[in-house]
Each structure stands twice: as C-alpha cells, then as structure tokens.
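Participant: No sequence on hand, only this structure:
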C-alpha cells in the first residue's frame, strides 16, 4: 500500500517554480482566464447555472445575473448551434452508471457585436428518469474554420426566416420541403487521433462533398462548428432518405486514407411533419438528437412514433424517497480503485453513493444527493455512508477509503461529533480514512473550514480537496489548509489529448502541488495516452474508467456496524 502522506515529489519531476514564484504562486483563476476557459455547474432541474469565479472575465457578462440560468445562456447561442444546450441535454444519449456520461458540444455565442466560438465539454449525471439532471463542464473559446462556398445564417431565428421565405413561396405547403440537420458523428475521435487542425480540414472536405451533391434550389447552411442544415425543395421523405444514404457514402471518404467520416443526420418534411418553419426545425432537430442517442443509426426521420417515444421518456420521471431509503437500509456504497500512477497498483478506493430502488435498479449520487438536500436529509445520508464505510474498513484492516461529504455536512455542528463517535467505535480506521471536500466548499468560509479540517486532522483522518481547479481558488489560500491530497478536476483531465490549454493548466496545477508537498490524483482518466502523460508530469495517483471501473461493494463478511460498536464498548 503506497504511503502518500507528506509524500516527497519524485526527483525526476522537480517543481518548476523559482523562489519568487514560491512566495506568490500562480492563481488558477488567472491561469484559466488567460486560456479563455471557465468551469461551470448546471442543475437542469432548477436551471441554475453557476460559473467559476472567472466567468465574467472569460465570457464578458455578469454570470451571477445575466447568465444565472441555462435558459438565459441559451439566448446567447446563435444558429450555429441550433436550439441550444437545453435541448441537447433533454435528449442526450448515454447511461449514467454513477461516474457520469462524457459530452462535447461546439457552438457560437453572440455577445453584443462579438461572435465567438465555444467548445463545451464535461460530464452529465442522471436524474430520476435516467436523463441528464446535473452537468459539470468547462467552456473554452475555440477557433472555428471558415468554409468557402457554404452559407451561414445569423442565428436560429435567421434560419427560420430563410425557411419561412420558402414556405411563403409554396414550398412546404403545395410541394414538399425537407430539412436535414447533419454533423460528423465521429469528429471527437478524429480530433483526438489526428488533432484539431486535421479535424478542421476534414470538416471542410466533408462540406465540399455535400456541396457537390446539391440540386438546383437546395441550400447547405453552416449551422455550427460541426453542424449543417440542408434545405431541400421539392424533396419528399422517401427521396430525402435516398439522398441521405448517398451523402453518407460519399462523405465517408472525405477524410482520405487517415479517417473514415461518419455522418449523423436527422430530418423532417413539410407538410407531412410541419406547417411552419419553426415546427419543421424543431422536429428535424428532435430527429437529429435521436440519431445522436441511437449509436449505430446515422439517419433518423421524424415521425409520430418518435414523438410518442420522446413524450413517454419525459413522463417516466420518478422521485426518490430519501427517508424510506434510509429507513429500509437501501443506501449502499460502491467503490472505485485509485491507483499509483507508476505501479498501477491500487493505493486506496473512493466510496461512491448508491441507493437501491424498490424495483431493484440502482441510482447514483447525481440522483440521490439533490433529493437528499431538498429533503433536508443530506447529513443523514453522509452519516449513513460513514457507518457503512467504517464497517467495511474494520472488516478489511488493510483498506484505505476516501469518502465524500457534502458542504452542508461539513458546515453542520453535528458532523465532528458523529465522526468522532464512529471512529471511536471502529479502532484503527481513522489513519486509513480520507475525507473529501469540494474546493468550493473549502473556500466559502475559510475560517470555519480551517477549524473543521483541523478538528478532523486531530481525529487522525486525512483530508482531500475534490474537483480541484473547478473553483479557481488561489494556492495562497489552500496552502493554509491542512491538505494531504488534491484531486484535479476531471473536466480538464479528459481533454488532455485534444487541448493544449488543458495540458498547460493541468501541468501547472501538478507543479504547484509538488511545490507545496501535496500529493495529486487525476480524475476521469479515460485512455492510456492520458495516463502516461500524467505519470510523466509527476501525478501521484490516477482514477477513471480506463484505470479501474466502479464496482459493487459486497456486504462486510465478518463485522457489522452494530457489532463494531459493541466490541468497542467491551474493549
């Protein structure tokens, strides 16, 4: 078992700070601002959108006022991204097994007279219906390639006006009008393998292939960094299906010998599916989103069956009865191994919150925590997890575990007493227990946080800061906290292969942590190249699905919580 307490940084990766820099280390907020990046959290249920403290500097607007909701942010998105992020996450594909589902978007923002391209990536976490409920991501300004010979509209409304003109001329009423939204489905993989510059070339080559297939009167309109709107006059649904198959086959060769291009397309036809431009666009976009959700299906046409399916999904939402889950002991832990970066051997595990639903399914923290907070029961949930974890650690004397607690629990008066009582009932556990708190929680009330952390350290546990980099706090601040471990926010780690900015940011965080003598964990490590790069930089530990999947944690075989307490009383 690796001993990471007070770990000295490896000699082959010395800190790059000068003595002057040591006195005034870099502020991640300033660093991210210089890179044009900002981290955010978005609760889709309340629509509350929270940016990092450098949001106003990066975006140029008051993020706590003008951009406090997802709907307000969507109003800044122009036609380059279709209907916006809200619609994307309403129908996003993927199954959240507890670790979240990666996503990547590209769109343009219209801020006054300024038009900028944005890359938006991170993970979403499922709500009761299995669809996105919480989004954690990072936005960055991105360059967008210009495509000669391809039209661009000036906003979603402008595209609607263009199509409205066709309706006024009789298309969509007296003769069919088909709208196809299309994009390169595997562009993310192309960018990761070949780089963004080559990816831009492939976008341009694909657009040229599509342009050559246009009939007289058809329109191809740039509708995002990797999204086009194809408007086909006098084209029925059957004809459009044949045309889509032909375009998919021809576009496949646009990447030449280095990449096979896969198109994703969604379409709707007027008057069959709409009698106005806005409805036609909305239905085509629903089909496009369904094509994204259905892996392996490159083309989806809107129809009554699709409409009914999406209505049923929205109606399938169900709540979680937190009190019943607690009373019926359906709160259970899962775990994910965190490994030594050099040896790849497990160093400790992170305990992950799960609840067994009455129907036998399991729900993760993204569903449970908001419900527990709303019900005022998050402290009870955290204490139950503490009981479960210490029982397992008592049963496995060599086991080290990291346990997350919520900001509300950290701030509560009862937490320290509960922690002390539980550790007293389970001798030998404290020195193997790591308490994780979020960076944001750590700096909301520095004085109270320092007092709580000191008290926990006095009990013998170790302290980790989770999601580091998301709050953009200064190292000057954190160096005064008794921190043993920094977990670098996965929103930056997962982009290392594609973003030189994130590589610079993460490496700077690692260097600064090394200088302060704090061990580091990189979250969301999703491929071997990223793992090797982080190891070269001196990251101490790695975590992610590529490293070790989340697994069910069996019930302790020998020692229950109650028996542990009984043994402690008789000792």
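Facilitator: That came in fine, so what should we check first? What you are looking at is a predicted structure, and each value in this text was computed from that prediction instead of being measured.
Participant: check contacts around the residue nearest the centre of the chain.
Facilitator: Central residue of the chain (Cα atoms, centre = their mean): residue 123, 1.5 Å from the mean position. Neighbouring residues of residue 123 by Cβ atoms under 8 Å, 6 or more residues apart in numbering: 99-103, 135-137, 490-491, 494, 524. C-betas here are computed from N, CA, C, even on glycine.
Participant: go on, residue 326?
Facilitator: 377, 380-381, 384.
Participant: Please report which of these has the highest neighbour count.
Facilitator: When the contacts of residue 326 are compared by neighbour count (other Cβ atoms under 10 Å), residue 381 ends up highest, at 25 neighbours.
Participant: hang on, isn't it packed against residue 323?
Facilitator: No. Residue 381 is beyond contact range of residue 323, at 10.4 Å (criterion: Cβ atoms under 8 Å).
Participant: which residues does the residue nearest to the centre of the chain form a beta bridge with?
Facilitator: Counting by DSSP bridges, residue 123 forms beta bridges with residue 102, residue 136.
Participant: Dump the contacts of residue 123 to JSON lines, plus distance to residue 537 and neighbour count.
Facilitator: Listed next are the contacts of residue 123 as JSON lines, based on distance: Cβ to Cβ, whole Å; neighbours: other Cβ atoms under 10 Å:
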{"residue": "99", "distance to residue 537": "23", "neighbour count": "22"}
{"residue": "100", "distance to residue 537": "24", "neighbour count": "22"}
{"residue": "101", "distance to residue 537": "27", "neighbour count": "17"}
{"residue": "102", "distance to residue 537": "22", "neighbour count": "19"}
{"residue": "103", "distance to residue 537": "26", "neighbour count": "20"}
{"residue": "135", "distance to residue 537": "28", "neighbour count": "24"}
{"residue": "136", "distance to residue 537": "23", "neighbour count": "19"}
{"residue": "137", "distance to residue 537": "23", "neighbour count": "21"}
{"residue": "490", "distance to residue 537": "16", "neighbour count": "26"}
{"residue": "491", "distance to residue 537": "18", "neighbour count": "24"}
{"residue": "494", "distance to residue 537": "16", "neighbour count": "25"}
{"residue": "524", "distance to residue 537": "16", "neighbour count": "24"}
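Participant: Lowest-confidence one in those residues?
Facilitator: Lowest-confidence member of the contacts of residue 123: residue 99, scoring 80 (pLDDT).
Participant: Which residue, other than its chain neighbours, is closest to that residue?
Facilitator: Spatial nearest neighbour of residue 99, chain neighbours left out: residue 550 (5.8 Å); criterion: Cβ to Cβ, 6 or more residues apart in numbering.
Participant: Residue 238: neighbour count?
Facilitator: 11.
Participant: I meant residue 48, not that one.
Facilitator: For residue 48, the count of nearby residues is 12 (other Cβ under 10 Å).
Participant: wait, what's in contact with it?
Facilitator: Counting by Cβ under 8 Å, 6+ apart, residue 48 has contacts 42, 68-69.
Participant: Most neighbours out of those, which is it?
Facilitator: Neighbour-wise, the contacts of residue 48 (other Cβ under 10 Å) top out at residue 42, 24 neighbours.
Participant: Can you report phi and psi for that one?
Facilitator: Phi and psi for residue 42, reported as degrees, to the nearest 10, are phi -140, psi 120.
Participant: For the stretch 351-500 of the chain, which segments count as strands?
Facilitator: Under the criterion DSSP state E, counting those that start in this stretch, strands of the stretch 351-500 of the chain are mapped to 362-364, 401-404, 433-438, 462-468, 485-488.
Participant: swap that for the stretch 1-150 of the chain, please
Facilitator: Remark: strands assigned in the stretch 1-150 of the chain by DSSP E, counting those that start in this stretch are 37-43, 48-51, 101-111, 114-126, 132-142.
Participant: Please produce CSV containing those, extended by distance to residue 432.
Facilitator: Output for the strands of the stretch 1-150 of the chain, formatted as CSV (distance: least, Cβ to Cβ, whole Å):
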stretch, distance to residue 432
strand 37-43, 31
strand 48-51, 34
strand 101-111, 32
strand 114-126, 28
strand 132-142, 28
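Participant: Out of those, which gets nearest to residue 274?
Facilitator: The closest of those to residue 274 is strand 101-111. By Cβ to Cβ, the value is 23.7 Å.
Participant: Using the record's assignment, carve this protein into domains.
Facilitator: 37-142, 151-315, 329-570 (automatic domain parsing).
Participant: nearest to residue 31, of those domains?
Facilitator: domain 329-570 (6.0 Å).
Participant: Might you report the residue contacts of residue 292?
Facilitator: Contacts of residue 292 by Cβ under 8 Å, 6+ apart are 91-93, 185, 264.
Participant: Tabulate the contacts of residue 48 (CSV), appending distance to residue 107.
Facilitator: Formatted as CSV, the contacts of residue 48 follow (distance: Cβ to Cβ, whole Å):
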residue, distance to residue 107
42, 15
68, 19
69, 17
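Participant: Please work out how many residues are found near residue 539.
Facilitator: 27.
Participant: Provide the secondary structure category for it.
Facilitator: coil (DSSP: H, G, I helix; E, B strand; the rest coil).
Participant: measure residue 420 to residue 503 for me?
Facilitator: 43 Å (Cβ to Cβ, to the nearest Å).
Participant: re the thing from before, now the residue nearest to the centre of the chain: how far from residue 97?
Facilitator: For residue 123, the distance to residue 97 - Cβ to Cβ - is 12 Å.
Participant: And residue 327, by the same measure?
Facilitator: Separation of residue 327 from residue 97 (Cβ to Cβ) stands at 26 Å.
Participant: same question, residue 530
Facilitator: Applying Cβ to Cβ, one obtains 20 Å for the distance of residue 530 from residue 97.
Participant: So for the two, which residue has more residues nearby?
Facilitator: residue 530 (24 against 16).
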